[in-house]
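Chemist: only geometry, no sequence info:
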Ligand code: IPM
Ligand code: MN
């Protein structure tokens with residue numbers, strides 16, 4: 001099987017960490033009996049500064065032809081905030097209709113969490129973040145711009161169709177994960193009496209179709225508290241775009257930091273894109289200090305998505321082994337290894353895992 005994969009290394013540490021993900025993908029190719037054709041695109045801040053282009057229409061068209069997209073990081077210190085994020089990352093999510101942002105929060109043995117008295121048995125949940133609507137839809141505008149009477153409006157768009165397809169994915173995931181089989185809706189029904197109301201009604205309406213899934217509801221502010229106090233209560237959480245953005249940064253630190261957190265922008269009927277969720281970390285560019293495990297975990301999710309479950313499991317074994325046996329810290333510059341050495345180690349353990357479970 002040959003998979004065509006678009007690689008968008010992007011800005012800052014993106015190219016360095018993506019190189020390690022590609023290395024690990026290549027390492028498991030032979031034992032898993034698969035092949036890739038990687039096609040690189042130089043989207044990001046450098047290209048924008050050189051040519052003024054963020055994401056040419058022709059590239060969007062080409063990206064729709066791949067089996068998957070592997071993204072490093074988007075964000076450049078010399079480019080005004082919003083241009084690259086909206087012009088590249090969000091535009092891809094929207095145009096490829098990647099309506100799910102899937103963010104696992106798993107604490108691996110050997111990784112330090114800032115949560116007192118919590119361990120790997122307590123921290124194992126997944127956030128399903130709606131990825132094409134809400135406050136991110138870009139609805140709104142200014143009135144009387146830049147005057148003392150200025151009005152800025154940013155509207156949250158919540159369509160029943162958009163909410164339903166996200167909830168359906170979350171219910172199915174809760175069933176398939178076969179963990180606690182619990183789905184928690186995260187919203188703010190006590191204040192957002194339109195948007196959260198729609199989510200709540202859609203959730204209640206869908207629940208009877210999944211009798212084996214226990215449902216639960218939590219306000220987003222309380223969710224932040226429970227994620228710190230009792231993370232073991234969660235299995236699958238489903239929420240809108242903005243709340244999902246916020247709680248997954250909390251999730252990332254709970255699982256040991258941005259050096260470990262990966263996510264998938266999924267279009268279950270189309271082309272999906274996998275990325276480490278941390279940013280471009282410009283100050284570490286080219287220093288070989290960045291932790292590539294998040295990018296490697298994104299590559300693992302990519303394999304999973306392609307249906308290459310054995311290869312994905314081997315990569316996860318590799319990540320776990322490196323966490324348990326090697327890294328002194330997950331923080332950039334404090335791992336005790338270079339970015340590339342961490343990639344080499346994961347690759348070795350992943351291949352070994354494959355050989356021990358052929
Ligand atoms: C993320 C990021 C993006 C988001 C930014 C870079 C636009 O924070 O993937 O969580 O807000 O979705
Ligand atoms: Mn974010």
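Modeler: On my side now, so go ahead. Source: prediction; values computed, not measured. Ligands and ions are numbered 1, 2, ... in the order given.

Chemist: which residue ranges form the helices in the chain?
Modeler: 14-32, 45-51, 57-63, 83-84, 91-95, 160-177, 195-206, 220-229, 241-254, 293-305, 309-325, 339-356 (DSSP state H).

Chemist: between those, which one is nearest to residue 146?
Modeler: The closest of the helices of the chain to residue 146 is helix 83-84. By CB to CB, the value is 18.8 Å. Just so you know, the C-beta spots here come from the backbone N, C-alpha and C atoms, and that holds for glycine as well.

Chemist: any idea how many residues pack against the closest residue to ligand 1 within the stretch 151-300 of the chain?
Modeler: Nearest residue of the stretch 151-300 of the chain to ligand 1 (CB to the nearest ligand atom) works out as residue 245 at 4.5 Å. Residue 245: 19 surrounding residues under other CB atoms under 10 Å.

Chemist: so what's the residue nearest to it when sequence neighbours are not counted bridging to?
Modeler: Nearest residue to residue 245 in three dimensions, chain neighbours excluded: residue 129, at 6.9 Å (CB to CB, 6 or more residues apart in numbering). For residue 129, the beta-bridge partners are residue 101, residue 239 (DSSP bridges).

Chemist: again with the one 5 residues further on
Modeler: Applying DSSP bridges to residue 134 gives these bridge partners: residue 157.

Chemist: will you turn the helices of the chain into CSV that also has mean pLDDT?
Modeler: Formatted as CSV, those follow (pLDDT from 0 to 100):
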stretch, mean pLDDT
helix 14-32, 97
helix 45-51, 96
helix 57-63, 97
helix 83-84, 96
helix 91-95, 97
helix 160-177, 98
helix 195-206, 98
helix 220-229, 98
helix 241-254, 98
helix 293-305, 98
helix 309-325, 97
helix 339-356, 95
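
Chemist: interface residues of the stretch 151-300 of the chain facing ligand 1?
Modeler: By CB under 6 Å from any ligand atom, the residues of the stretch 151-300 of the chain that approach ligand 1 are 245, 277.

Chemist: go with 5 Å
Modeler: Contacts of the stretch 151-300 of the chain with ligand 1, taken as CB under 5 Å from any ligand atom, map to residue 245.

Chemist: count of neighbours near the residue nearest to residue 54 when sequence neighbours are not counted?
Modeler: Closest residue to residue 54 apart from its sequence neighbours, by CB to CB, 6+ apart: residue 87 at 3.1 Å. Neighbourhood size, residue 87 [other CB under 10 Å]: 17.

Chemist: residue 87 contacts residue 59, correct?
Modeler: No - with contact defined as CB atoms under 8 Å, residue 87 does not reach residue 59; the gap is 11.6 Å.

Chemist: list the contacts for the residue nearest to residue 310 when sequence neighbours are not counted?
Modeler: Leaving aside its chain neighbours, residue 310 sits nearest to residue 32 (6.0 Å; criterion: CB to CB, 6+ apart). By CB atoms under 8 Å, 6 or more residues apart in numbering, the contact set of residue 32 is 308, 310, 311, 314, 354.

Chemist: with distance to ligand 1 added, can I get the residues you listed in CSV?
Modeler: Formatted as CSV, the contacts of residue 32 follow (distance: CB to the nearest ligand atom, whole Å):
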residue, distance to ligand 1
308, 24
310, 29
311, 25
314, 27
354, 31
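
Chemist: how about those in JSON lines, adding neighbour count?
Modeler: JSON lines is the format used below for the contacts of residue 32 (neighbours: other CB atoms under 10 Å):
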{"residue": "308", "neighbour count": "22"}
{"residue": "310", "neighbour count": "17"}
{"residue": "311", "neighbour count": "27"}
{"residue": "314", "neighbour count": "27"}
{"residue": "354", "neighbour count": "21"}
